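Participant: Below is the structure, and that's it, no one-letter string:
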């Protein structure tokens, strides 16, 4: 083993740097950090080292016991039930993926991630949404899940850098509560792409739903720079409505959608997934 290590150490730094790019972040640090002075200095000198780390309870000690490691994490995925101070990862650029938002709750008031550009979270409310926007001034891509039954929060600080917003709505409350989205969208005026994912039972589609506005009014008020709008509608077949009638209803929905979004400002599309 020592002979292999000695041969490995003979490699020039340029080759080692190239090889290290293919290592899992955890494996890289466990294998080479504190092995010798050269490897320590080499790893700590990396300005473009882009490590992907999946943080779980089983490997949390790697962060706790080695503060240097967190400085090189470029993409962080945090598993459920892991309580961590995200300020340790101030250099995250590529992506932060929080499986459950509880991972953000402990220190969110002092959270600061100025380099973060991509964030994916599940089930947040407007208060946490506001905190994230203020804590991540260079955020470009934001994917989140919400419930529409929450109370409204006004005067969210404007975030000018966000370009792509994906919102997954997890409840099936009817009628839909779209007024809530005035709060979410009024703070991101430079948004270029807006995606909505929503659930609906076919049996709940009534005549009033055929005249649904499909966010057209909200977009016209808040998103003057929008280029793409995608509405993903996931429906469930009802045993009381036959397949022919279901197709007729869905065609009517699509016609209405195209009618209300008939403009030259942005491209729009209704994607219906029927199960």
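Facilitator: Looks like it came in fine. These numbers come from a predicted model, not from an experiment.
Participant: which residues touch the closest residue to residue 163 other than its chain neighbours?
Facilitator: Nearest non-adjacent residue to residue 163, counting by C-beta to C-beta, 6 or more residues apart in numbering: residue 192, 4.6 Å away. C-betas here are computed from N, CA, C, even on glycine. If you count contacts by C-beta atoms under 8 Å, 6 or more residues apart in numbering, residue 192 has them with 163-164, 225-228.
Participant: Among those, the buried ones, what's the PyMOL command?
Facilitator: The PyMOL selection below is limited to those of the contacts of residue 192 classed as buried (16 or more other C-beta atoms under 10 Å):
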select buried, resi 163+164+226
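Participant: tell me the contacts of the residue lying closest to residue 228 once chain neighbours are set aside?
Facilitator: Nearest residue to residue 228, sequence neighbours excluded (C-beta to C-beta, 6+ apart): residue 193, at 4.4 Å. By C-beta under 8 Å, 6+ apart, the contact list for residue 193 reads 163-165, 226-230.
Participant: Which residues does residue 193 form beta bridges with?
Facilitator: Taking DSSP bridges, one finds residue 164, residue 228 as the beta-bridge partners of residue 193.
Participant: if I look at it, how far off is residue 219?
Facilitator: 12 Å (C-beta to C-beta, to the nearest Å).
Participant: what residues are shared contacts of those two?
Facilitator: Contact criterion C-beta under 8 Å, 6+ apart; residues shared by residue 193 and residue 219: 226, 229.
Participant: Buried residues, stretch 212-220. List them.
Facilitator: Across stretch 212-220, burial judged by 16+ other C-beta under 10 Å covers 212, 214-216, 218-219.
Participant: Just the residues contacting that stretch, thanks.
Facilitator: Residues from elsewhere that reach stretch 212-220 (C-beta under 8 Å, 6+ apart): 176, 178, 181-182, 185, 194, 196, 226, 229, 231, 253, 256-257, 260-261, 266, 270.
Participant: In strands only, show me these.
Facilitator: Taking DSSP state E as the definition of strands, those contribute 194, 196, 229, 231, 270.
Participant: Compare these and tell me which is most surrounded.
Facilitator: Greatest neighbour count in the ones in strands among the contacts of stretch 212-220, by other C-beta atoms under 10 Å, goes to residue 194: 27 neighbours.
Participant: ok, now how distant is that one from residue 134?
Facilitator: Here the criterion is C-beta to C-beta. By it, residue 194 lies 20 Å from residue 134.
Participant: likewise residue 254?
Facilitator: 38 Å.
Participant: Residue 162 now?
Facilitator: Per C-beta to C-beta, residue 162 is found 12 Å from residue 134.
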